[in-house]
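**Student:** Please work out how this folds:
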Amino acid sequence: NNGIDWAGLFNWSAKYNDGTKKTNFSPMTKEEREWLEKAMKEYTYNEADRMQEIIKVLFDQDSKEEQELLENLDELYEIIDIHPRNSTNLDQAGGFKLLMDTMLNNTHEKVRKLSMEIFAAIVQNNSEMQAIAYKYGGLNLMYKYVDEQSDKNKEQVLGALSSLLRTSVAEIKAEFFKEMKGLDWIKQIILEPETTKRALKKIFFLLYDLIVKETDKSVEKVLPDDHPIKDYIVSNFDMIVRMLNLLNYENEEDLFSDHVLREFILNC
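**Tutor:** Sure, this is the predicted structure:
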């Protein structure tokens, strides 16, 4: 211990800091208390108040500059990340629907992309917010994929849609697969030569997650068949060939490093 008398040092500290020694402190005056309360209020970050201000910016987004929108969305992202309840608070204040309108309709490419990132963070593993997003038309992201011109935005569309489809809300998956022909849409993306590797990776992870869940007996069935997604893949040979080529063991840019999806397809 380098010769330090730790026991003695502790006893000395306790003797002079145990609260028994008389101090020169006096109670705060009314003016001092008011000043302290004002200072604390000014320097305390109020999430709810700031969220309301951001919602107002989104409401008037057509008259706002791109940079102002991006800065406000960045801050909204941070607020959402602080606590899960802030997602619910955003919806109750009318902001979630505005966020979805922003990601689907704003004229600025970067603003749409950031809005989709926030949307994905809100709905991921949150069945309550997934159901709300579905009610507000979240599956329209499927059509947004075609509209977006930049690869980065297309990739983010897939990320946002995947977060919505990885859900326990059977109604969402039922509409996507049955009414919107979601598997045909996924197939088109896989077969499209210009689809980026990053986009394909998102699609493959989504497919794998959906296949695993449809074989899990504890998960509510979306379609009447036992394994509709797996059966669809098996019945589309061109899709299988394309996927297996992309998931080649010899490929240095393998999109699915664990090869789990490749093995799953081979064993279908």
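**Student:** any idea which helix or strand carries Val212?
**Tutor:** helix 197-214 (DSSP states H and E).
**Student:** Met239 and Ile189 touch, don't they?
**Tutor:** No. Between Met239 and Ile189 there is no contact under Cβ atoms under 8 Å: 10.4 Å. Glycine gets a C-beta too; all of them are placed from N, C-alpha and C.
**Student:** same question for the helix holding Val212, mean pLDDT?
**Tutor:** What helix 197-214 shows for mean pLDDT is 85.
**Student:** Check which residues of it are buried.
**Tutor:** 199-208, 210-211, 213-214 (16 or more other Cβ atoms under 10 Å).
**Student:** Check which helices and strands that helix sits against.
**Tutor:** helix 151-165, helix 182-191, helix 228-234, helix 237-246, helix 260-266 (3 or more Cβ pairs under 8 Å, 6 or more residues apart in numbering; DSSP states H and E).
**Student:** Which stretch among those is buried most, on average?
**Tutor:** helix 151-165 (a mean of 23; mean count of other Cβ atoms under 10 Å).
**Student:** Domain map for this structure?
**Tutor:** For the chain, automatic domain parsing gives the domain ranges 46-180, 181-268.
**Student:** per-stretch mean pLDDT over these, give me the minimum one.
**Tutor:** domain 181-268 (a mean of 76).
**Student:** Reformat the buried residues of helix 197-214 as TSV; add distance to Ala93.
**Tutor:** Converted to TSV, the buried residues of helix 197-214 look like this (distance: Cβ to Cβ, whole Å):
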residue	distance to Ala93
Ala199	33
Leu200	37
Lys201	35
Lys202	30
Ile203	34
Phe204	37
Phe205	32
Leu206	31
Leu207	36
Tyr208	36
Leu210	33
Ile211	38
Lys213	33
Glu214	36
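**Student:** List the buried residues of the strand or helix carrying Ala174.
**Tutor:** Taking DSSP H and E as the criterion, Ala174 maps to helix 170-174. For helix 170-174, the neighbour count (16+ other Cβ under 10 Å) marks Ile172, Lys173 as buried.
**Student:** what's around Pro84, how many residues?
**Tutor:** A total of 14 residues lie near Pro84 under the criterion other Cβ atoms under 10 Å.
**Student:** if I look at it, how far off is Asn125?
**Tutor:** 9 Å (Cβ to Cβ, to the nearest Å).
**Student:** for Glu68, same thing?
**Tutor:** The spacing between Glu68 and Asn125, counted by Cβ to Cβ, is 31 Å.
**Student:** Over to Met51?
**Tutor:** Met51 is 21 Å from Asn125, by Cβ to Cβ.
**Student:** neighbour-wise, which of those two wins?
**Tutor:** Applying other Cβ under 10 Å to Met51 and Asn125 shows that Met51 carries more neighbours, namely 19 against 11.
**Student:** Settle this for me: the more buried one is touching Arg85, isn't it.
**Tutor:** No. The criterion here is Cβ under 8 Å, and Met51 misses it with Arg85 at 11.5 Å.
**Student:** what is in contact with these two at once?
**Tutor:** With contacts defined as Cβ atoms under 8 Å, 6 or more residues apart in numbering, no residue is adjacent to both Met51 and Arg85.
**Student:** what's stretch 66-73 in contact with?
**Tutor:** Ile54, Val57, Leu58, Gln61, Thr102, Asn106, His108, Lys110, Val111, Leu114, Ser115, Ile118.
**Student:** Now with 7 Å, please.
**Tutor:** Residues outside stretch 66-73 that contact it (Cβ atoms under 7 Å, 6 or more residues apart in numbering) are Ile54, Val57, Gln61, His108, Lys110, Val111, Leu114, Ser115, Ile118.
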